[in-house]
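In: build me a structure from this.
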Amino acid sequence: MAQRLLRRFLASVISRKPPQGPWAPVILRTPQCSPGNLTVTPNQARSVYTTRVCTTTFNIQDGPDFQDRVVNSETPVVVDFHAQWCGPCKILGPRLEKMVAKQHGKVVMAKVDIDDHTDLALEYEVSAVPTVLAIKNGDVVDKFVGIKDEDQLEAFLKKLIG
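Out: Residues are numbered from 1 along each chain as shown. Just a heads-up that it's a prediction; the model follows:
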C-alpha cells in the first residue's frame, strides 16, 4: 500500500505535464511601483493582485548614510530630528510621514534620532525636538520646530517641492 502511494506520488511529481486543478503553481513576479501602487501579474491559470509600498521614509543609520541619502539626494528631503522620549515627536512623525507619502515620490523623508546621532543634531543646530529641516540639493532651505497641523505641513512641503 505504502509503495503504491509512493509510486503514484513520484509519478505525479516527475510527470512532464504541468499540474492541473487547484494545486497548479502560481508564478509571482516582483511588482514594480506604479502610480496607483497596484500591479497586476497575469497568469494563465489565475490573476494575482499585489501591492508594493513605495518607500518614501527611511531611518538614518550613521553620518555617511545621511550624506549619501540626504545631502547627495537629487530628490528634496524632509529631515525629522526626533527622540523616542519626545511626546510631540510621536504626534508629528506619523502626520509628517502621511503628508510626505501623499507627494508620490516628489519628496522623501529621513528620520534622525537625536540620541543616536548627536553629531548630526549638533551639525544642523538642533536645539529642540521635533525639528524638521527641508533640504534641497544638499542645502537647508527651510526649517521648523514643534508640531504643525496638516495644512501647515502641506504648505511646507509645497514650498520645498516648488
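In: pLDDT weak spots in this structure?
Out: Counting by pLDDT under 70, the chain contains low-confidence ranges at 1-2, 5-6, 9-54.
In: ok, which stretches of it are strands?
Out: Chain-ordered strands for the chain, with DSSP state E as the definition, fall at 38-42, 47-51, 57-59, 77-82, 108-113, 131-136, 139-145.
In: any idea which of those is most buried?
Out: strand 77-82 (a mean of 24; mean count of other C-beta atoms under 10 Å). All C-beta atoms are positioned from the backbone trio N, CA, C, and that covers glycine.
In: and for that one, what are the contacting residues?
Out: Residues lying outside strand 77-82 but in contact with it, judged by C-beta atoms under 8 Å, 6 or more residues apart in numbering, are 69-70, 89, 92-93, 96, 100, 107-114, 120-121, 124, 126, 129-136, 156-157, 160.
In: dump the strands of the chain to TSV, plus distance to residue 65.
Out: Conversion of the strands of the chain to TSV gives the following (distance: least, C-beta to C-beta, whole Å):
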stretch	distance to residue 65
strand 38-42	29
strand 47-51	27
strand 57-59	9
strand 77-82	12
strand 108-113	9
strand 131-136	14
strand 139-145	18
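In: among the ones you listed, which is nearest residue 151?
Out: strand 139-145 (13.3 Å; C-beta to C-beta).
In: partner strands of the closest one and their direction?
Out: Partner strands for strand 139-145, per DSSP bridges, with pairing direction: strand 131-136 (antiparallel).
In: any idea of the angle the partner strand forms with strand 77-82?
Out: Using axes from the mean of the first three to the mean of the last three C-alpha atoms, to 10 degrees, the direction of strand 131-136 lies 160 degrees away from that of strand 77-82.
In: pull the CA atoms of strand 131-136 into PDB?
Out: Extracted C-alpha coordinates of strand 131-136, given in PDB (Å, rounded to 0.1, in the frame of the first residue of the first chain):
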ATOM      1  CA  THR A 131      12.900  69.900  14.500                       C
ATOM      2  CA  VAL A 132      12.200  69.400  10.800                       C
ATOM      3  CA  LEU A 133      14.500  70.600   8.000                       C
ATOM      4  CA  ALA A 134      13.800  70.900   4.300                       C
ATOM      5  CA  ILE A 135      16.900  70.000   2.300                       C
ATOM      6  CA  LYS A 136      17.200  70.500  -1.400                       C
END
